[in-house]
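Asks: Need coordinates for the below:
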Amino acid sequence: MTAPLHRTVAAELRRRIHTGELAVGASVPSEAQLCREFSASRGPVRQALAALREEGLIGGGQGKRPVVLDAVPGQPFESFLSFTHRAEITGHAPGQQLQEIALRRPDPAVAAALTIDPDTLAVQLLRLRLLDGQPAAIERMTYVEQVGRLLLDADLDGVSIYAYLTAQGVDLHAARHTFDAVAADDTDATLLDVPVGAPLLRERRLTWDAAGTPIEWTDDRYRPDVATVTLTNKRSALTEGTRIGSAFAGKAPS
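Replies: Got it, this is the predicted structure:
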């Protein structure tokens, strides 16, 4: 199926911005230039530019040529949760290889994060994430039992976990993300093809439902040549708060 033209235009402009072909501060091609380049009418071109403005990548308007403001697109909640969505928005082919999944008692710290008793069973999985076929990240996920059991019979090499859980009616309402650096352990080193002790970007995430009940705890570790995270604070709009954007490198690790 052919993608709508406005999405094609937006994806190409995102690629140019992310790779530096259109640097921060540079002018974006005019509507007329984009119409000629993509054999498009002004409608799809304007839709594409509007999408990039919404993501915070470009600014300008009202007769002024748009300029590049940022190289990392802001993302809605669903995209920021999903490695698959983040990969696709930055022009990469996502992939995954499940290493293990089991119903077991979590570590006390994980149980505390999920507000469950340490003797309560939870579903834990270890999954390697790929970008364009190359190792990019490791996911260590723990789900409360009633949610995690939905994953036991799923093809986790072929689906986005978040898309699958959402389709099953799981309420992924909110999440708190904590980022830091961590040294690669033996498992990280083997799966990510880096030396033991190599620095990795770690994201720890607690996700809960609309009632405030924790349902997922993750420890995701990224090769530092793959992932970047950008925070944008806005003082003028209290309802917007902090925009978090993440992106993957212009090329997959070699």
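Asks: Let me see the ranges of the strands in the stretch 1-150 of the chain.
Replies: Secondary structure of the stretch 1-150 of the chain (DSSP state E, counting those that start in this stretch): strands at 58-59, 67-68, 94-104, 122-131, 134-144.
Asks: mind giving me JSON lines with these and columns for mean neighbour count, distance to residue 199 and mean pLDDT?
Replies: In short, each C-beta sits where N, CA and C put it, glycine included. As requested, the strands of the stretch 1-150 of the chain are exported to JSON lines (neighbours: other C-beta atoms under 10 Å; distance: least, C-beta to C-beta, whole Å; pLDDT from 0 to 100):
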{"stretch": "strand 58-59", "mean neighbour count": "19", "distance to residue 199": "32", "mean pLDDT": "84"}
{"stretch": "strand 67-68", "mean neighbour count": "18", "distance to residue 199": "29", "mean pLDDT": "88"}
{"stretch": "strand 94-104", "mean neighbour count": "14", "distance to residue 199": "22", "mean pLDDT": "93"}
{"stretch": "strand 122-131", "mean neighbour count": "21", "distance to residue 199": "18", "mean pLDDT": "94"}
{"stretch": "strand 134-144", "mean neighbour count": "22", "distance to residue 199": "14", "mean pLDDT": "95"}
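Asks: could the ones you listed be laid out in a markdown table, adding distance to residue 154?
Replies: Output for those, formatted as a markdown table (distance: least, C-beta to C-beta, whole Å):
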| stretch | distance to residue 154 |
| --- | --- |
| strand 58-59 | 38 |
| strand 67-68 | 40 |
| strand 94-104 | 9 |
| strand 122-131 | 10 |
| strand 134-144 | 12 |
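Asks: so which of those strands gets nearest residue 22?
Replies: strand 67-68 (5.2 Å; C-beta to C-beta).
Asks: Poorly predicted segments of the stretch 151-254 of the chain, please.
Replies: Applying pLDDT under 70 to the stretch 151-254 of the chain flags residues 228-254.
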